[in-house]
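**Q** Predicted model and sequence follow; I will ask about them next.
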Amino acid sequence: MTHTNVQPFMQKTQTLAVLGLSALLVATFFFCLSVGPVKISPIWVFKALLPSKWLHGEVERFQSSEACSLLKKIVLELRLPRTLMGMLVGGALAISGCAVQGVFRNPMASPYVIGISSGASCGAALSIVLGAPQAALPPASFLFALGSAFLVYALARVGGQVPVGRLLLSGIAVSLFLSALLSLVQYVAGERQLREIVFWLMGGLWSVNWSKLLLSALPICVGVFGLLGFSKELDALSMGEETALDLGVEAQRVRGIVLLLASLATAGAVCAVGVIGFVGLIVPHLIRLIVGPGHRLLLPLSLFGGAIFLSWMDLFARTVIAPSELPVGILTALFGAPFFLWILRRSRKSPGW
């Protein structure tokens, strides 16, 4: 393909990716609300989501029986908060992974790999053991996540660069230390607290309700919308620190702010549903292969892709062995670990960004 044909082809690919992911996101939303022990038609799901005053004469037929009232309750009180939480968490982890990869100029960086998720886990577990109120989980998770991110970055940095090997070793070292701390927390925890921590560490959306959704939505949304505003700066950083400085981008300040926002979004996600790994690694990498490295599209499409990916993982987790369900964190790890090894193999052939 000649150079003159590359740009129109990429523009068509990007347009199709935007339209395709947008349509798939909407379809996934309604499909997740339809599927479960009680199967509900997407048409009824749509009606259940509409305010009664918008249904006019149809509202009497829709609410005329106890069955219809029950269906509305299932959609609005059980499935809707869980579906929204899955999309919110998946999107937050994916866009955080995309931003962290841009900061480190490394396709293997993610909140899970570099220890942000481990830090958030430790903060939340300590909060549970200390008997802190539910509202204390997000700030505790955030502080530990932020500390982990900056520690890994400081350990891995060599002359303005973050080599793959040092990043992995630093992330592993910090994660192992945090795992030891987490084991200590579990050892001193009471029986009820230990059970809560173990289930929480598996990662799952089974305990999601409206109050938990609203509590986690604020830090996640602040982090996500903040990251969306750094596309130009991340593009500059991807070309190297010297080039970024020539373009007027203060590399150190941008890295600090981006890590802060990524830690905030990740902490909000982790304290809501537990540890769900590899979403921030898989999704941005796949989106980058489709639309290219430009963060103007890469960040929002990673957000969409993460929401879609985790929604389908959760749907599979709650239906494959129904009426029981699998922790969704186990499924993402089963998908993510082989994918991580594939990226690691590719990076040996073409190291760096």
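**A** Received, thanks. Since we're looking at a predicted model, the values are computed, not measured. Residues are numbered from 1 along each chain as shown.
**Q** backbone phi and psi for residue 262, please?
**A** When read as degrees, to the nearest 10, the backbone of residue 262 gives phi -60, psi -40.
**Q** let me redo that: residue 292
**A** Dihedral angles of residue 292 (phi, psi; degrees, to the nearest 10) stand at phi 90, psi -180.
**Q** What's the separation between the residue lying closest to it once chain neighbours are set aside and residue 291?
**A** Take residue 292 and drop its neighbours on the chain: the residue closest to it by Cβ to Cβ, 6 or more residues apart in numbering is residue 10, 6.2 Å away. Bear in mind the C-beta positions are built from the backbone N, C-alpha and C, glycine included. Computed as Cβ to Cβ, to the nearest Å, the residue 10 to residue 291 distance reads 8 Å.
**Q** Looking at these two, which is more packed in?
**A** More neighbours surround residue 291 than the other of residue 10 and residue 291, with 21 against 14 (other Cβ atoms under 10 Å).
**Q** Help me confirm that the more buried one comes into contact with residue 11.
**A** No. Using Cβ atoms under 8 Å, residue 291 is not in contact with residue 11; the gap is 10.1 Å.
**Q** what's the following helix or strand after the one helix or strand the residue nearest to residue 292 maps to?
**A** For residue 10, the element it lies in under DSSP states H and E is helix 3-34. The helix or strand immediately downstream of helix 3-34 is helix 42-49, counting by DSSP H and E.
**Q** Mean confidence (pLDDT) on that following helix, please.
**A** Average pLDDT, helix 42-49: 84.
**Q** now do stretch 230-249
**A** Stretch 230-249 shows an average pLDDT of 86 in the prediction.
**Q** Pull the CA coordinates from that stretch and hand them back as PDB.
**A** Provided in PDB are the C-alpha atoms of stretch 230-249 (Å, rounded to 0.1, in the frame of the first residue of the first chain):
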ATOM      1  CA  PHE A 230      -4.400  14.600  28.200                       C
ATOM      2  CA  SER A 231      -4.400  13.100  24.600                       C
ATOM      3  CA  LYS A 232      -2.100  15.700  23.200                       C
ATOM      4  CA  GLU A 233       0.400  15.500  26.100                       C
ATOM      5  CA  LEU A 234       0.500  11.700  25.900                       C
ATOM      6  CA  ASP A 235       1.100  11.900  22.100                       C
ATOM      7  CA  ALA A 236       4.000  14.100  22.800                       C
ATOM      8  CA  LEU A 237       5.400  11.800  25.600                       C
ATOM      9  CA  SER A 238       5.200   8.900  23.200                       C
ATOM     10  CA  MET A 239       7.800  10.500  21.000                       C
ATOM     11  CA  GLY A 240      10.300  10.800  23.800                       C
ATOM     12  CA  GLU A 241      10.900  13.300  26.700                       C
ATOM     13  CA  GLU A 242      13.200  15.600  24.600                       C
ATOM     14  CA  THR A 243      10.600  15.900  21.800                       C
ATOM     15  CA  ALA A 244       7.900  16.500  24.400                       C
ATOM     16  CA  LEU A 245       9.900  19.300  26.000                       C
ATOM     17  CA  ASP A 246      10.500  20.800  22.500                       C
ATOM     18  CA  LEU A 247       6.700  20.800  22.000                       C
ATOM     19  CA  GLY A 248       6.200  22.700  25.300                       C
ATOM     20  CA  VAL A 249       5.000  19.700  27.400                       C
END
